[in-house]
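# Predicted model and sequence below, questions to follow.
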Amino acid sequence: MTALHPPSKKIWWNQPVDRVEIVWIGIALVWCLIMFFFMPFWHVYGEQNYSGEAYRVQPERFAEKVNEFVAEHTVRHETDRQIPVVRPPAGSDIYLLARLWDWYPILELEKGETYRLHVSSTDWQHGLSIQPININFQVLPGYEMVLQITPTETGEYAVVCNEYCGIMHHAMLSKLYVVESGRNERGPST
Amino acid sequence: MKPEFRTCPDSGLVFHRPAENLIKANAIAATVFLAVGGLLGLLVALTRWPAVQLLNAEHFYTVLTGHGVVLLLVWILFFEIALLYFCSAVLLRCRLATPRLGWVAFGLMLGGAAMTAIAILQGGSSVMMTSYVPMPAEPHFYLGLILFAVGALIGVFMFFGTLVIAKDEKTYEGSIPLVTFGALTAAIIAVFTIACGAIILIPTFLWSIGYISEIDALMYRLIWWGLGHSSQQINVAAHVSVWYAIAAIVFGAKPMSEKVSRGAFFLYILFISIASAHHLLGDPGLSTEWKIFNTSYAMYLAVLASLVHGLTVPGSIEVAQREKGHDKGLFEWLRKAPWGNPVFSGMFLSLVGFGFIGGISGVVMGAEQINFLIHNTIYVPGHFHGTVALGTTLAFMALSLWLVPVLFRRELVWPRLAMWQPWLFGIGTALQAFFMMGAGTLGVSRRHWDMAFAGSAFEWAYPGMAYTMMALNGVSAIMAVAGGAIFVVVIVGTILFGKKKGAAEYSASKPAILTGPAESLTGHGNIGLGIKGFPAPGTFILAMFLLVIFVVYYFINYGYLASVWKFS
């Protein structure tokens, strides 16, 4: 009676199960349940979660909100393309727009402050990947994702697009700055 | 009655001629697509090797799209259709239901695959296998996939029909064999999978020709992954069945317990498909409760099933070996296994690789919060090369090395070359999985032409180790592709030039009824170090070893997660 042959009718159901299988099923089931309950546990006790807060949004409407945000809080410009660097007030709502093929604007945040980051795309799907901490989210057109983020280390971070978005996908790269809190006198608005 | 049945003098299997021809056709088509897809894969790996960067960006994305579609869908589904015909008509000594329709199905699959392949080669459909909207592909990209899926669905229903005929005409006694039961599991999951494909690809096709104005990006992902993920769950059920089949072919192994193995397959049917949520853990618009329930297969009950098969497949081999007298110590049964037989070594490397590399990484990265660390990084292809290439593809290769000589009545050519095949392919693929997962842990993106971001306004350098790993991935890919090429050469060589084993003799009479042998209702208490109820202690130790690695790796990842920025 190999696996290629039929077992006799019904009798296979009555064959006693070896203890090795029962013990293993028991151990494996316990591990499965631990893994299952660990996810809600982390929502309560862990500090890296996504609440699921998101809104439907028209891409044009999201772009308007981003433009208002940029107009209000830009502190300087970078690169030949004059990409604005935005220094929003600690704890405020901040915006990041993904589009072919850049991130807009560059954010400058304070260490230890919590921001409400709104992310969306105005064209295709993109992937928000913050390096080198390697935290990754999907960015969808029509959906405004809201993440409460608290940078814990100062430094210069990269914002990489890691969802394929066409021929220049590999060039869709931006920066994100995290600076010491308290040093928050505004630079001259340019 | 026409002379339509032959009994294979070597294997004792009974072949129904129309089924035999369809199995041959589907297996040959599968092998051709495997060769094409493997070559495309080599180009991908050599482009992602930073010092080589073989292709330009445009060609890279085209080739990567082709690699994904051809291997993840076309090669695998052609082989699985052949496998379904084998597990029904051949294993049950039964005529195949509606064989003419089988050729329609074959034609649709071939035509559909060709249509999509042409769309990709034309360059206007470099949208990756996932074709996420609103990035557009040419209409015939989607249409080809739809035709291919319709063909596959016909094949699946012919399998169901053949089961009905076998029962109706009483070609076997008792229950269907375990391997057929596993194939039935795969077929049921396939119906769900192809239905999801139809539900999303038909509207997307209509969108591509301008009939529908918009496809919601999240809805597309939700339903598309019912196709994309579940198609890999067909593979799991199918390759686990192949493991059981090879244990039976090589060792005459009996399932340790039919009840446990069938129960585990049943858990796949109930729970495995909902884990397509794995792909949506970093998405906006879905609730946390939805994500946790679905990504965990409802409390990891399908993972439990795989852990059970992971014990019972090698366990059944251990029992068979111990009964033959290889009963010393914990691992004599394994040392004395036929490691030079590629049918066995391929199957065993598939089993170990699927468990230790593909399985552990898949479950860990499918944990809701850990997913934030790897989503869209090259860790993900690393994982699924561990499941689909090392698990499914290698298992199918191993079975083919046994089945093709039986099917074509020819001896395997170049047996010494074939002996090395599973080792080259298996170890090469395992190393690839390992290096891609390593690079992904360091943040390297998947589906990305240049990890140095050429042409960007900014600069960013990944750690040197990430570059080293991507180079080693390229080297490993060369090894894996060499193993794959040997497979293709040996199979094609066998079909064309293998020494003939005598003409097949078809008989007009119905084959004898397939019976299960007289039962022993005892356990296996007489073997296995004399530990009562532990007939497979060596396998149990190996399983515990896997579990320890699993647990440690799981908490290492949560530990790292705890060190990064806080977010909620």
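The structure has been received and is ready for your questions.

# is chain A contacted by the helix or strand containing B:Phe15?
Element membership of B:Phe15 [criterion: DSSP states H and E] is strand B:14-16. No: taking C-beta under 8 Å from any C-beta of the partner chain as the criterion, strand B:14-16 and chain A are apart, separated by no less than 11.8 Å. All C-beta spots, glycine's among them, are computed from the backbone N, C-alpha and C.

# excluding its backbone neighbours, what's nearest B:Thr193?
B:Ser230 (3.9 Å; C-beta to C-beta, 6 or more residues apart in numbering or on different chains).

# OK, contacts around the closest residue to chain B within chain A?
Nearest residue of chain A to chain B: A:Arg19, at 3.0 Å (C-beta to the nearest C-beta). Residues in contact with A:Arg19 (C-beta atoms under 8 Å, 6 or more residues apart in numbering or on different chains) are B:532-534.

# now the strands for the chain?
Going with chain A. A:54-56, A:74-78, A:83-86, A:93-99, A:102-104, A:106-110, A:115-121, A:126-131, A:135-139, A:143-150, A:155-161, A:173-179 (DSSP state E).

# that's the other chain; I wanted chain B
B:5-7, B:14-16, B:566-567.

# Output these in CSV; the columns should cover mean pLDDT and mean neighbour count.
Below are those laid out as CSV (pLDDT from 0 to 100; neighbours: other C-beta atoms under 10 Å in any protein chain shown):
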stretch, mean pLDDT, mean neighbour count
strand B:5-7, 92, 19
strand B:14-16, 94, 24
strand B:566-567, 96, 18
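
# Tell me which of the ones you listed approaches A:Thr114 most closely.
In terms of C-beta to C-beta, the element of the strands of chain B nearest to A:Thr114 is strand B:566-567, at 7.7 Å.

# does chain A sit close to the closest one?
Yes: Strand B:566-567 is in contact with chain A by C-beta under 8 Å from any C-beta, via B:566-567.

# So for A:Leu96, what pLDDT did the model give?
Note on A:Leu96: pLDDT of 98.

# Could you double-check that it lies in contact with A:Leu117?
Yes: using C-beta atoms under 8 Å, A:Leu96 is in contact with A:Leu117, at 6.3 Å.

# who has more neighbours, the two?
Taking other C-beta atoms under 10 Å in any protein chain shown, A:Leu96 and A:Leu117 do not tie; A:Leu96 has more neighbours (23 against 19).

# any idea how far the more buried one lies from B:Ala395?
44 Å (C-beta to C-beta, to the nearest Å).

# same thing with B:Leu55?
Taken as C-beta to C-beta, the span from B:Leu55 to B:Ala395 is 31 Å.

# So which of these two has more stuff around it?
B:Ala395 (28 against 18).

# now the helices: where do they sit in the stretch 251-400 of chain B?
Counting by DSSP state H, counting those that start in this stretch, the stretch 251-400 of chain B has helices at residues B:258-271, B:288-295, B:297-323, B:332-335, B:342-353, B:360-365, B:371-374, B:379-384, B:394-408.

# now the angle between helix B:297-323 and the first one, please.
Regarding helix B:258-271 and helix B:297-323, their directions subtend 150 degrees when assessed with axes from the mean of the first three to the mean of the last three C-alpha atoms, to 10 degrees.

# Next, see if helix B:258-271 gets close to chain A.
Yes: interface with chain A: helix B:258-271 contributes B:258-261 (C-beta under 8 Å from any C-beta).

# between the residues you listed, which has the most around it?
B:Ser261 (25 neighbours).

# For that one, give me its contacts.
By C-beta under 8 Å, 6+ apart, B:Ser261 lies in contact with A:3, B:178, B:244, B:255, B:308-309, B:312.

# The same query, at a cut-off of 10 Å, please.
A:3, A:12, A:21, B:178, B:181-182, B:240, B:244, B:255, B:305, B:308-309, B:312-313, B:316 (C-beta atoms under 10 Å, 6 or more residues apart in numbering or on different chains).

# The residue nearest to it when sequence neighbours are not counted and B:Glu58, how far apart?
What sits nearest to B:Ser261 in space, not counting adjacent residues and going by C-beta to C-beta, 6+ apart, is B:Pro255, at 4.9 Å. According to C-beta to C-beta, B:Pro255 stands 51 Å off from B:Glu58.

# cool, and B:Ala439?
In terms of C-beta to C-beta, B:Ala439 sits 23 Å off from B:Glu58.

# Show the model's pLDDT score for B:Gly516.
67.

# Kindly report the same for the one 3 residues further on.
In the predicted model, B:Glu519 carries a pLDDT score of 54.

# Contact partners for the spatially most distant residue from the centre of chain B?
What lies farthest from the middle of chain B is B:Ala457; by C-alpha atoms, centre = their mean that is 41.2 Å. Under the criterion of C-beta under 10 Å, 6+ apart, the neighbours of B:Ala457 are A:78-81, A:83, A:102, A:171-175.

# try B:Gly151
Counted by C-beta under 10 Å, 6+ apart, B:Gly151 has contacts B:77-78, B:81, B:102, B:104-113, B:194.

# List only buried entries from these.
B:77-78, B:81, B:102, B:105-106, B:108-110, B:112-113, B:194 (16 or more other C-beta atoms under 10 Å in any protein chain shown).

# Relative to B:Pro134, how far out is B:Met299?
Counting by C-beta to C-beta - B:Met299 and B:Pro134 are separated by 36 Å.

# what does A:Tyr104 give?
19 Å.

# could you give the angle of the longest helix along chain A to helix B:288-295?
Using DSSP state H, we find that the single longest helix of chain A is helix A:19-45. Between helix A:19-45 and helix B:288-295, the angle comes out at 160 degrees (the same axes, to 10 degrees).

# Now do the buried residues in helix A:19-45.
In helix A:19-45, counting by 16+ other C-beta under 10 Å, buried: A:19-21, A:23-25, A:27-29, A:31-32, A:35-36, A:38-39, A:42-43.

# Would you indicate which residues of the helix ranked longest in chain B are buried?
The longest helix of chain B (DSSP H) is helix B:464-497. Neighbour-count burial for helix B:464-497, counted by 16+ other C-beta under 10 Å, picks out B:466-467, B:469-495.

# Over to stretch B:258-274?
B:258-262, B:264-265, B:267-269, B:271-274.

# Just give me the closest of those to chain A.
B:Glu258 (3.8 Å).

# Near the closest residue in space to the closest one that isn't next to it in sequence, how many residues? Count them for me, please.
Spatially, and ignoring its direct neighbours in sequence, B:Glu258 is nearest to A:Trp12 (3.8 Å; C-beta to C-beta, 6+ apart). The tally of other residues near A:Trp12 (other C-beta under 10 Å) stands at 22.

# how much space between A:Trp12 and B:Thr515?
Distance from A:Trp12 to B:Thr515, by C-beta to C-beta: 14 Å.

# Now do the shared contacts for these two.
A:6, B:174.
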